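*Asks:* Quick one, fold the following:
(2 chains)
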Amino acid sequence: MSTESVGLVRPQTLHVSEPLKTVSGAVIPEYDLVYETYGQLNDDRSNAILICHALSGNHHVAGYYEGDEKPGWWEAYVGPGKPIDTNRFFVVGVNNLGGCHGSTGPASINPATGKPWGPDFPIVTVPDWIVSQNKLREHLGIEQWAAVVGGSLGGMQVLQWAIDCPDRLRHAVVIAAAPRLSAQNIAFNEVARQAIMSDPDFHGGRYLEHGVIPKRGLALARMLGHLTYLSDDLMGKKFGRELRDTLKYSFDVEFQVESYLRYQGEKFATKQKFDANTYLLMTKALDYFDPSAPYDHDLSKAMARVQAGFMVISFTSDWRFSPERSEEIVRALLDNDKNVSYAEIESQHGHDAFLLPNPIYEGVFSAYMNRVASEVGA
Amino acid sequence: MSLNTDRLLSPEFQLISSWIEPGSRVLDLGCGDGTLMAHLQESRDCSGYGMELDPNLVIAAIENGINVIQANLNKKSLLDYFDADSFDYVIMTQALQVVDRPDQLLEEMLTIGKQSIVTFPNFGFWKNRVQLMFSGRMPETEVLPYHWYDTPNIHMCTFRDFESLCEQKGIEVVRRAVVNQQHETTLGMKLLPNLLGEIALYQIRRKSERA
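*Replies:* Reported below is the predicted structural model:
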């Protein structure tokens, strides 16, 4: 596996002045989309790859910012010689509408009031994201993506792209995703939201106006999230029942796993400064996601429209979006005789596996992307 | 992209390929690196899928440009993936003897496919019989190079066994070819296939008078 990086990168911003009418019926009068690109767009503009991000991700997919030590969130898979090879592809990462890393979201100023949108920011759903990402596609002068690629909530956007804009992508790479959330998935999201909303610093979502952030709630939501991204096996191996010190028979941090979770929560809420309202929005987008809904809730019917070739990937120990959920996507494609390949990757890393190095995963991903590259002459 | 030409195709695959109507929908079970499926796509205008369990072969199949579904057919039914009559042909080369229940898998193959093509090594081949008879030990040959304890071939059968199963299940043998390791058919094989044939290729379908 290549260890090369795309190196120093810089985000760009697209301002869209055309209003976006969301699925919920609300209107976002104008908005910014922040994005990054790596590699070169070829002469016939056929080698562009869109990467959709997951719940807490953003447009900073690969490479480094000036003075920053940490690379983008998918550095392991995007770069020169990597599965998404920036020597061959023109790669686009975009921060979703409602996000908190530069694209218009709840922490942005509402032009109507001059104050942060906060809880008044319209609920955006996955189809709304596809509409806004499509604006970016037009802006970049790309007729058709060579592939749209994403993991988790990112994979769900890929699915929506293939159904909503069938002729705008040649290939769809859907990793560790599901065609819709289960009751258990929604329940986890609801507990995360309650953690945020019951923080005394939440102030009904207007915490920025109060000069505070609901750190504890956000950290708690992240701790819960983390728990569901890891497998029981992995936590056992990583932490077991290991103690930080000796047992103190108190409610302080005693087990290593407690320390780890607290650290992750704390980091998310304070260091990464993730916006609490964005977290609420993203979990809602997940809950509402159901591309089969307009097609009598029949995924096979929804997939009849699809033109893209599909690569679907799942991970054995992922219990948040298990292999069976990916197989539902595969089955709906098979029902329509669509081009689809499917790999279930052996991994003990749970849902997080889609971000982590793994030779078989890399092999599958690279083999498929090579096919895409040779098809588009990249 | 694909490396497949007739020149590189094994005689077994060439024979199978010649049995397949151009433009067919094909499913290849245990498709390996996808060589056969890629050949059928390129030279016989076929479409469809390969299924494979081994992750490295899944990667090779993707590289070979076919649609491949990673699946463990000992844990899942073909009907979990496909509706009845989804394919013109369901192919399985040299894999019948490694699955948990060959009889059930055959039924499924002939449910989702109109016809099947199955190939397997003949346990009744004279060398196997001679080894068992004179050394009193399980045969180890070029076609069957394993020990009894580590062999993946858990359901070995002879041609006669297979045909008896077909009879019992109302399966019609449309065509049969019996070949040696070089995939040639000698006069002896024609006369005494169950004794002199090493590998058999069967094209089968459900008998039309199925109840």
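
*Asks:* Now do the phi/psi pair for A:T37.
*Replies:* With angles defined as degrees, to the nearest 10, A:T37 sits at phi -130, psi 150.

*Asks:* which residue sits closest to it, ignoring its sequence neighbours?
*Replies:* Leaving aside its chain neighbours, A:T37 sits nearest to A:V92 (5.3 Å; criterion: CB to CB, 6 or more residues apart in numbering or on different chains). C-beta here means a position set from N, CA and C on the backbone, and glycine is covered the same way.

*Asks:* pLDDT value on that neighbour, please?
*Replies:* Note on A:V92: pLDDT of 98.

*Asks:* Could you measure from the residue positioned nearest the centre of chain A over to B:Q104?
*Replies:* Central residue of chain A (CA atoms, centre = their mean): A:A54, 1.2 Å from the mean position. Distance, A:A54 to B:Q104, by CB to CB, to the nearest Å: 40 Å.

*Asks:* dump the residue contacts of the residue nearest to A:T37.
*Replies:* By CB atoms under 8 Å, 6 or more residues apart in numbering or on different chains, the contact set of A:V92 is A:Y35, A:E36, A:T37, A:A48, A:I49, A:L50, A:I51, A:L136, A:L140.

*Asks:* Go through the residues you listed and name the one nearest A:Q348.
*Replies:* Nearest to A:Q348 out of those is A:I51 (CB to CB; 25.3 Å).

*Asks:* For the stretch 201-350 of chain A, what lies in contact range of chain B?
*Replies:* A:311, A:327, A:330-331, A:334-335, A:337, A:339-346 (CB under 8 Å from any CB of the partner chain).

*Asks:* Buried ones only from those residues, please, as a PyMOL command.
*Replies:* Buried residues within those, by 16 or more other CB atoms under 10 Å in any protein chain shown, are selected in PyMOL with:
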select buried, chain A and resi 311+327+330+331+334+335+339+340+341+342+343+344+345
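
*Asks:* with the residues of the stretch 201-350 of chain A next to chain B in mind, which one is nearest to A:G204?
*Replies:* Nearest member of those to A:G204, counting by CB to CB, is A:E327, at 41.5 Å.

*Asks:* Find the nearest non-adjacent residue to the residue most central in space within chain B, please.
*Replies:* Centroid check for chain B by CA atoms, centre = their mean gives B:T93 as the closest residue, at 2.4 Å. Closest residue to B:T93 apart from its sequence neighbours, by CB to CB, 6+ apart: B:T119 at 4.6 Å.

*Asks:* any idea which helix or strand carries that neighbour?
*Replies:* Assigned by DSSP states H and E, B:T119 belongs to strand B:113-121.

*Asks:* Where does the residue nearest to A:A177 when sequence neighbours are not counted sit: helix, strand or coil?
*Replies:* Setting aside the residues directly before and after it, A:A177 is nearest to A:G155 in space (CB to CB, 6+ apart), at 2.9 Å. Here A:G155 is helix, with the state taken from DSSP: H, G, I helix; E, B strand; the rest coil.

*Asks:* shouldn't A:G155 be in contact with A:V174?
*Replies:* Yes. At 4.2 Å, A:G155 counts as touching A:V174 under the criterion of CB atoms under 8 Å.

*Asks:* who has more neighbours, the two?
*Replies:* Using other CB atoms under 10 Å in any protein chain shown as the criterion, A:G155 and A:V174 rank with A:V174 on top: 32 against 29.

*Asks:* and that one, that one's in a strand?
*Replies:* Yes. Remark: A:V174 belongs to a strand, assigned using three-state DSSP.

*Asks:* quick one, helices of chain B?
*Replies:* Under the criterion DSSP state H, chain B contains helices at B:11-19, B:35-44, B:55-63, B:102-112, B:126-135, B:159-168, B:187-191, B:193-196.

*Asks:* For B:S77, find the nearest of these.
*Replies:* Closest approach to B:S77 among the helices of chain B (CB to CB): helix B:102-112, 6.0 Å.

*Asks:* Using neighbour counts, pick out the buried residues of the closest one.
*Replies:* Neighbour counts over helix B:102-112 (16+ other CB under 10 Å) mark B:P102, B:L105, B:L106, B:E107, B:E108, B:M109, B:L110, B:T111, B:I112 as buried.

*Asks:* Check stretch A:220-236 too.
*Replies:* By neighbour count on 16+ other CB under 10 Å, the buried set for stretch A:220-236 is A:220-226, A:228-231, A:234-235.

*Asks:* same deal with stretch A:165-173?
*Replies:* Applying a neighbour-count criterion of 16+ other CB under 10 Å, the buried positions in stretch A:165-173 are A:C165, A:R168, A:L169, A:R170, A:H171, A:A172, A:V173.

*Asks:* ditto for stretch A:259-269
*Replies:* For stretch A:259-269, burial by neighbour count (16+ other CB under 10 Å) applies to A:S259, A:Y260, A:L261, A:Q264, A:G265, A:E266, A:F268, A:A269.

*Asks:* That stretch - what's its average pLDDT?
*Replies:* Mean predicted confidence for stretch A:259-269 is 91.

*Asks:* repeat for stretch B:69-83
*Replies:* 94.

*Asks:* got the contact list for it?
*Replies:* Against stretch B:69-83 from outside (CB under 8 Å, 6+ apart): A:327, A:330-331, A:334-335, A:340-344, B:27, B:29, B:49-53, B:55, B:58, B:90, B:99-100, B:105, B:108-109, B:111-112.

*Asks:* What of stretch A:108-117?
*Replies:* Stretch A:108-117 is contacted from outside by A:P29, A:E30, A:D32, A:G105, A:P106, A:A107, A:D120, A:F121, A:R206, A:L208, A:E209, A:N277, using CB under 8 Å, 6+ apart.

*Asks:* on that earlier part again, among the residues of the stretch 201-350 of chain A next to chain B, which lie within strands?
*Replies:* Residues of those located in strands (DSSP state E): A:M311, A:V340, A:S341, A:Y342, A:A343, A:E344, A:I345.

*Asks:* biggest separation within these, which pair?
*Replies:* Spatial extent of those (CB to CB) is set by the pair A:V340 and A:I345 at 16.2 Å.

*Asks:* you'd agree A:E209 is up against A:D120?
*Replies:* No. The pair A:E209 / A:D120 is not scored as a contact, 11.4 Å apart, by CB under 8 Å.

*Asks:* These two - which one has more neighbours?
*Replies:* Neighbours per residue (other CB under 10 Å) separate A:E209 from A:D120, with A:D120 holding more: 15 against 11.

*Asks:* Next up, the contacts around the more buried one.
*Replies:* Going by CB under 8 Å, 6+ apart, A:D120 touches A:N110.

*Asks:* Report pLDDT for it.
*Replies:* At A:D120, pLDDT is 96.

*Asks:* Kindly report the same for B:F159.
*Replies:* Per-residue pLDDT puts B:F159 at 86.

*Asks:* which non-adjacent residue is nearest it?
*Replies:* B:N194 (4.8 Å).

*Asks:* Report how many residues lie close to the one you found.
*Replies:* Neighbour tally, B:N194, other CB under 10 Å: 20.

*Asks:* Okay, helices next: where are they in chain A?
*Replies:* Here chain A has its helices, by DSSP H, at A:126-139, A:153-164, A:183-197, A:215-229, A:232-238, A:256-266, A:276-288, A:299-303, A:323-335, A:359-375.

*Asks:* surely A:E36 meets A:G93?
*Replies:* Yes. A:E36 sits in contact with A:G93 when judged by CB under 8 Å, with a separation of 4.8 Å.

*Asks:* Let me know the closest of the buried residues of helix B:102-112 to chain A.
*Replies:* B:I112 (10.5 Å; CB to the nearest CB).
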